[in-house]
Structures are given as structure tokens and as C-alpha cells.
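Novice: all I have is the shape, not the residue letters:
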């Protein structure tokens, strides 16, 4: 199996409907290889839902979309049991989460109780209803989209729930040339999404996920990651630094980067490449930094610049 060849096929397939967002596509695929979940955050209309849908259609996996609204109940996500009046027995009715690829659209428009139900499933990889546990199909990934917190009708995700997402992707607006390309593709009678075909089977994804875990991480690289995480907890601009879960995710992301580059060991460059998408949504700025217009990415880049890079691996 050639990991780079499979990932390249997925990237090219998704790029048929997502223009000029190669980095966002790459990060989403890295999260898939690391058994992580993705938070796609930006203003409406820049391709958040399209990216998630394109990834799902590119994989030969089951797919469900959950539109999060204020009246969505936890049982709509996890499922529920009811009585079968023919047999007199209790039966489990699957919730929307019992699928391999889940698009949680506008996750911050539903209540915190329903948000928690989904995030618990993401962490445990199983659903427990009335004391009975139901395993989720594999591979399993949640791609959650979220509008900025200042938008009307949103319930911001608490820090502990944000920490459950492997990485965060910001789509951003396209350039004029990219937008012209998008307009050309979507101005015809046949939309690109309608003709998108799977290019990767579920078995291939599971095999790649197992290969990621075999990539070697040296003690020097582990020390580098630990030092970066500790630096976020000591920076005066941050009231909340990166958690241990974040440090573990950073190593896993670096392992996936190395695998895609054809290596069986991590380089410091892999860690640096994954730092922002893995850490940026897990740290919290203090009020003074926010008033000055500082963002998390700027603080993390400063930390990355100040922490010594290991030379011996």
C-alpha cells in the first residue's frame, strides 16, 4: 500500500469541488488517518459543509448529516429504545451518529446538552443507551462545522469540548481567481458534487490508520512537543494552555505527516506543520490580549520561534 498515492487520490477528488483549499483538505485527511475529529470554523458560505460532504463521498463509507438546531435532542443523535409490541421486547433504534462519516452541521446552534451527547460518542467511539453499549462502525470521523461565536443563535462550545476535536480548520475566503474557478464549475447544469465518486475503501483507511501508529517518535521529538505544550501554559497572553490530550494529538498528527512524506520517523518540521491546527482551538487568550487584537495563532507562532528545535533525533 502506498499511503501517499491513496491520500493524493483523495486530495484530487475533493479538489474537484473545493477550490484553492489544499491545506484544509490535507488537514482533514490527516485527522482521518489519526482517528481524530475535525472542527471546521468560519463564516457561512465559504465551503465548510462542502468540504465535509466531499470527503464523505470520496470514501466508500456510510455517511449521515446531522443539522444541529435548537430543538435537536440527545436521543436524535445517540438513538433510543422502544417496545416492539409484536415481540414485547425492547429494541434499539439507531441515532444519526451510527455511521462512519458524520457531518455535524452548525454544531454550535444546538443546546449544550445535545452537543455533549455527540462529543461523548466521539471520545468513547460507542453509544450506550439504557445500559446497553453499541459500537460505532469503523472508520469513524466527525466533521463538525461551526459559525463564529458572535453570530445570532449560537451556543459556544466550552473549552473541554473544544479539546475533543483533533484539529480545527479555517476555510477563509477564496482569491478572485479561485472564486472565478468556483463560479465556472457551479454555473453549469451538473454540479461537481453530484458526479463525485469514491476513490478509497474503508479497509484502506483502517490500514492507513494502523500504519500511522508505527511511525517512530524519538525521545528528542517527544521532549520538543512537551516543551511546546508547557510553553503555552506559561505564556502571559494565555489563560488556558494546551492540554496533555493536545500534546498527544500533536504527536499523532506529526506521525501522519511523516507517513505521507514517505518516512517512518518524525522530524521537528512535522511537529511545526501541525502545531497551529492542533493547538489553536485549545488555548484561550486573556482579555487584555484580545483587546489588543492578538489571536491564538500569533501567540503560538511566537512560542514556536522561541522554543529550541532538537538537532539530534
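Specialist: Right, received. Where do you want to start? In this text, all values refer to a predicted model and were calculated from it rather than measured experimentally.
Novice: and the helices in the protein?
Specialist: Along the chain, counting by DSSP state H, helices occupy 3-14, 22-33, 48-58, 74-78, 112-124, 159-162, 176-185, 202-212, 219-234, 244-260, 268-279, 287-291, 296-306.
Novice: export those helices to CSV and tack on mean pLDDT, distance to residue 169 and mean neighbour count?
Specialist: All C-beta atoms are positioned from the backbone trio N, CA, C, and that covers glycine. Formatted as CSV, these follow (pLDDT from 0 to 100; distance: least, C-beta to C-beta, whole Å; neighbours: other C-beta atoms under 10 Å):
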stretch, mean pLDDT, distance to residue 169, mean neighbour count
helix 3-14, 88, 13, 17
helix 22-33, 92, 5, 23
helix 48-58, 85, 8, 23
helix 74-78, 87, 22, 19
helix 112-124, 83, 16, 19
helix 159-162, 80, 13, 16
helix 176-185, 87, 17, 12
helix 202-212, 92, 19, 16
helix 219-234, 95, 20, 17
helix 244-260, 95, 13, 22
helix 268-279, 95, 7, 22
helix 287-291, 89, 22, 12
helix 296-306, 94, 13, 16
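Novice: closest to residue 138 out of these?
Specialist: Judged by C-beta to C-beta, the one of the helices of the chain that comes nearest to residue 138 is helix 202-212, at 6.2 Å.
Novice: what angle separates the closest one from helix 22-33?
Specialist: What separates the directions of helix 202-212 and helix 22-33 is an angle of 90 degrees, with axes from the mean of the first three to the mean of the last three C-alpha atoms, to 10 degrees.
Novice: so what touches stretch 273-288?
Specialist: Counting by C-beta atoms under 8 Å, 6 or more residues apart in numbering, the neighbours of stretch 273-288 from elsewhere in the structure are 27, 30, 39, 41, 159, 162-163, 165-169, 228, 232, 236-243, 246, 249-250, 253-254, 257, 294-297, 299-301, 304.
Novice: for stretch 73-91, same thing?
Specialist: Residues from elsewhere that reach stretch 73-91, judged by C-beta under 8 Å, 6+ apart: 66, 92-98, 113-114, 116-118, 121, 127, 129-130, 132, 134.
Novice: ok, now with 7 Å
Specialist: Taking C-beta atoms under 7 Å, 6 or more residues apart in numbering as the criterion, the residues outside stretch 73-91 that touch it are 66, 92-98, 113-114, 117-118, 121, 127, 129-130.
Novice: repeat that for stretch 300-313.
Specialist: 218, 220-221, 223-224, 227-228, 231-232, 235, 268, 272, 275-276, 279-280.
Novice: 10 Å instead, please
Specialist: By C-beta atoms under 10 Å, 6 or more residues apart in numbering, the residues outside stretch 300-313 that reach it are 216-225, 227-232, 234-235, 237-238, 241-242, 265-269, 271-272, 275-276, 278-280, 283, 294-295.
Novice: what is the nearest of the contacts of stretch 73-91 to residue 177?
Specialist: Looking across the contacts of stretch 73-91 and measuring by C-beta to C-beta, the closest to residue 177 is residue 66, at 34.4 Å.
Novice: check contacts around the closest one.
Specialist: Contacts for residue 66 (C-beta under 10 Å, 6+ apart) come out as 72, 76-77, 95-97, 99, 102-107, 110, 114, 118, 142, 144.
Novice: show me those residues that map onto strands.
Specialist: Using DSSP state E, the members of the contacts of residue 66 that fall in strands are 102, 103, 104, 105, 142, 144.
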